[in-house]
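Novice: only geometry, no sequence info:
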């Protein structure tokens, strides 16, 4: 695989960018080598600056659910661009997208758009504190909720990839109100409530994507819902990654829980920077200008992002691809397990809707501790073999793979060949 132009851009990028990247996972630190630089994408495929073409299983970490440059989304964006790029004022598009989002989540009466998942979580936590007049937040090890100070403790994905326990620059005072529990361990949550009477909220990914794909047990998720109600705390579901990927709406309905506050992003921007948080009228009435919890953003509700989001969600409603996603994910899981067995590679595969994750371990993966038993050296070998065979993967064992509606039978055939060849490389170690 020729990467000459990517290597040139990497060296040039190091002059004025930190590590030549603008997000750490892009640096390929856990898989070795230097990052690839992308030139363009269309449909199910992405192409780098050296002309290498890949089936895209990263999909910008989730938002390109319709594949790249969907014709209807592209048309909507082009029409919006003709009217102007940003106004710093309200537009009709904000109202249209807000209704689409609220209608998809039972119990969500109002939503506030922001510019990223981090902003959505930051605002949701502030809102929970404002509504309950309490300070402490319970989060789970391995769940990543953006790079705000209070959440950069026991986070997954990027931090796990770089083997960092936290982040420098985060003062102790910033995390003193953050309590850590273990995912799928209800007793670890109960222990915090027994010791603390000022817990404002429990925040979690209802189905994780940042320690890899991990589903909650019914006992765990229902227990948290009952416990938070009993103790007067709120439940915040971070669906930045899962929102609109498992069905039209989020993971909550499928796992049988309804959050008090939901955080969204990724898909609702259709590839443009968007985040959102939403809740009932009662809770959202705390947010300025209706209430005393201040949160603002000049570019929030950007008209181009709103147009992309409206078109993406409208297309998803029309296509209703969720049964198809389950079928495709099941096929990919079968390919992975069959090849792993063929070459004697220990592998566990987790999936949920259009998200899938192979772990190079013989353990069932139900939490971050289990995920960390994965052999990251084997993953690195598998990653580069898959790239050599034309499949673009997240460069981390702890990131979910994503499916798009553009993955058809021809792509599945290519995936099958690539997986078998790549697992053969791992098996030869």
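Specialist: Arrived safely. All values reported here derive from a predicted model rather than from experimental measurement.

Novice: Confirm residue 264 sits in a strand?
Specialist: Yes - according to DSSP: H, G, I helix; E, B strand; the rest coil, residue 264 belongs to a strand.

Novice: from what I can see it touches residue 241, true?
Specialist: No - assessed by C-beta atoms under 8 Å, residue 264 is found out of contact with residue 241, at 9.6 Å. To be clear about C-beta, it is placed using only N, CA and C from the backbone, and glycine gets the same treatment.

Novice: what's the neighbour count on residue 112?
Specialist: Neighbour count of residue 112, defined by other C-beta atoms under 10 Å: 23.

Novice: So it: helix, strand or coil?
Specialist: When classified by three-state DSSP, residue 112 comes out as strand.

Novice: So it versus residue 291, what's the distance?
Specialist: 12 Å (C-beta to C-beta, to the nearest Å).

Novice: In this protein, where is pLDDT below threshold?
Specialist: Where the chain drops to pLDDT under 70, the residues are 154-166.

Novice: which one's the longest helix in it?
Specialist: Ranked by number of residues, the top helix in the chain under DSSP state H is helix 322-342.

Novice: Work out the gap between that one and the centre of the chain.
Specialist: In terms of C-alpha atoms, centre = their mean, to the nearest Å, the centre of helix 322-342 is set 20 Å apart from its chain centre.

Novice: ok, residue 376 - contacts?
Specialist: Taking C-beta atoms under 8 Å, 6 or more residues apart in numbering as the criterion, residue 376 is in contact with 30, 360, 397.

Novice: Where neighbours are concerned, which of those has the most?
Specialist: Of all the contacts of residue 376, residue 397 has the most neighbours under the rule other C-beta under 10 Å, reaching 28 neighbours.

Novice: Isn't that residue up against residue 30?
Specialist: Yes - using C-beta under 8 Å, residue 397 is in contact with residue 30, at 6.9 Å.

Novice: part of a helix, is residue 95?
Specialist: Yes - using three-state DSSP, the assignment for residue 95 is a helix.

Novice: got a list of what it touches?
Specialist: By C-beta under 8 Å, 6+ apart, no residues touch residue 95.

Novice: Now residue 40: which helix or strand?
Specialist: Using DSSP states H and E, residue 40 sits within strand 38-42.

Novice: What lies in contact with that strand?
Specialist: Outside strand 38-42, the residues that touch it by C-beta under 8 Å, 6+ apart are 46-49, 51, 56, 64, 67-69.

Novice: circling back to that earlier point, show me what counts as buried in the longest helix of the chain.
Specialist: Of the residues in helix 322-342, 322, 325-326, 328-329, 332-333, 335-337, 339-340 count as buried by neighbour count, 16 or more other C-beta atoms under 10 Å.

Novice: want to try JSON lines for these, with distance to residue 314 as columns?
Specialist: Shown next, in JSON lines, are the buried residues of helix 322-342 (distance: C-beta to C-beta, whole Å):
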{"residue": "322", "distance to residue 314": "16"}
{"residue": "325", "distance to residue 314": "18"}
{"residue": "326", "distance to residue 314": "22"}
{"residue": "328", "distance to residue 314": "22"}
{"residue": "329", "distance to residue 314": "24"}
{"residue": "332", "distance to residue 314": "27"}
{"residue": "333", "distance to residue 314": "30"}
{"residue": "335", "distance to residue 314": "32"}
{"residue": "336", "distance to residue 314": "33"}
{"residue": "337", "distance to residue 314": "36"}
{"residue": "339", "distance to residue 314": "38"}
{"residue": "340", "distance to residue 314": "39"}
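
Novice: Return the closest of those with respect to residue 197.
Specialist: Of all the buried residues of helix 322-342, residue 197 sits closest to residue 322, with 41.1 Å by C-beta to C-beta.

Novice: The protein: strands as residue ranges?
Specialist: 38-42, 45-48, 53-56, 110-114, 136-140, 178-181, 199-204, 234-238, 261-265, 275-279, 348-352, 355-359, 391-392, 401-402 (DSSP state E).

Novice: can you pull the buried residues of the first one?
Specialist: What it means is strand 38-42. Going by 16+ other C-beta under 10 Å, strand 38-42 has these buried residues: 38, 41.

Novice: what are the pairing partners of that strand, and which direction each?
Specialist: Paired with strand 38-42 in the same sheet, following DSSP bridges, are strand 45-48 (antiparallel).

Novice: Using the record's assignment, carve the protein into domains.
Specialist: Following automatic domain parsing, one gets these domains for the chain: 4-69+321-427, 71-318.

Novice: Quick check: end-to-end length of the last one?
Specialist: Meaning domain 71-318. Separation of the first and last residues of domain 71-318 by C-alpha to C-alpha, to the nearest Å is 14 Å.

Novice: cool, the shortest one as well?
Specialist: Between the opening and closing residues of domain 4-69+321-427 we find a distance of 29 Å, counting by C-alpha to C-alpha.

Novice: list the contacts for the residue sitting nearest the centre point of the chain?
Specialist: Nearest residue to the geometric centre of the chain (C-alpha atoms, centre = their mean): residue 241, 2.9 Å. Contacts for residue 241 were tallied using C-beta under 8 Å, 6+ apart; they are 61-62, 117, 205, 209-210, 265-266, 355, 400.

Novice: again, only using 7 Å
Specialist: Residues counted as contacts of residue 241 (C-beta atoms under 7 Å, 6 or more residues apart in numbering) are 62, 205, 209, 266.
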